[in-house]
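# Provide a 3D model corresponding to the input given below.
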Amino acid sequence: METKQQNFESFDENQSLQVIKEMIQVSQKKLKNDGVLFILWGWIIFYNYISWYVLNDMVTTYQIYKGFEYFAKGLVVFAFAFSVYYIFRKREKVTTYIGISLRYVWISLIVCLSLVNLIIFNTIHEFNPASQHPIFMVFMAFAVVITGGILRYKLIILGGAVFGLLAYICTYLSLENQMLIEAVAWLIAFIIPGHYLYAKRKS
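Purely as a prediction, here's the structure:
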């Protein structure tokens, strides 16, 4: 009787580990297919920060400046629309616990960024982007590292770690230079992993 119970417990444990392994593999496969979203958002945010840095470092007309600004906003709107369309079109009938967990991670990130912004404003009663910007980068780095850890992707974990390190470096820089550094951070944490995952989607 005791032997049967031990075998059942052993089987149950092994089965659980196998289920977890399969869920991770399914989520990794889905992330490879969804690497296009990493690429899309990576390049759009990269463009926003790098264009802001370049335009503020050069003499230009008001019309040109506003043109770049409106174009950047248009890209963000397009990215939101495409992401919603892509997710609903590519959604799978089977949703894993890992997929749900990642969804909560990124939704929580957006909510926390909004709350932190409100808390800082209510505390110091002023908008100080040079101070708030590195804090927002830390939250982003946290979400990227958690995502990479859940999916067991070292490249994403490394990208998140670099994102966090660059956030610390930003505390010593002016807002203008912070924009340049964050552009580099998005390149490392989103664009490079996104292209890599998308290229490996058929393997």
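# which residues touch A167?
When contacts are counted by CB atoms under 8 Å, 6 or more residues apart in numbering, A167 touches P134, I135, M137, V138, M140, A141, A185. (C-beta placed from N, C-alpha, C; glycine too.)
# May I see those organised as CSV, with secondary structure added?
Output for these, formatted as CSV (DSSP: H, G, I helix; E, B strand; the rest coil):
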residue, secondary structure
P134, helix
I135, helix
M137, helix
V138, helix
M140, helix
A141, helix
A185, helix
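# dump the residue contacts of the residue nearest to F38 when sequence neighbours are not counted.
Sequence neighbours aside, G194 is the residue nearest to F38 in space, at 2.9 Å (criterion: CB to CB, 6 or more residues apart in numbering). Counting by CB under 8 Å, 6+ apart, G194 makes contact with G35, V36, L37, F38, I39, L40, G42.
# closest to F78 among the residues you listed?
Nearest to F78 among the contacts of G194: L40, at 8.8 Å, using CB to CB.
# quick one: the closest one and S83 touch, right?
Yes. Assessed by CB atoms under 8 Å, L40 is found in contact with S83 at 7.3 Å.
# Neighbour count: those two, which is higher?
The residue with more neighbours, out of L40 and S83, is L40; 19 against 15, by other CB atoms under 10 Å.
# can you tell me the helix or strand for the more buried one?
helix 35-56 (DSSP states H and E).
# Now do that helix: which elements does it pack against?
helix 62-90, helix 175-186, helix 192-199 (3 or more CB pairs under 8 Å, 6 or more residues apart in numbering; DSSP states H and E).
# Indicate which one of those is closest to E126.
helix 175-186 (14.1 Å).
# model confidence over the closest one, on average?
On average, the pLDDT along helix 175-186 is 92.
# Residue numbering should commence at 46 henceforth.
All set: I'll call the first residue 46, so the last point we hit is now helix 220-231.
# That helix: which residues count as buried?
L220, Q223, M224, L225, I226, E227, A228, V229, A230, W231 (16 or more other CB atoms under 10 Å).
# which of those residues lies closest to I214?
When the buried residues of helix 220-231 are compared against I214 (criterion: CB to CB), the nearest one is I226, at 6.2 Å.
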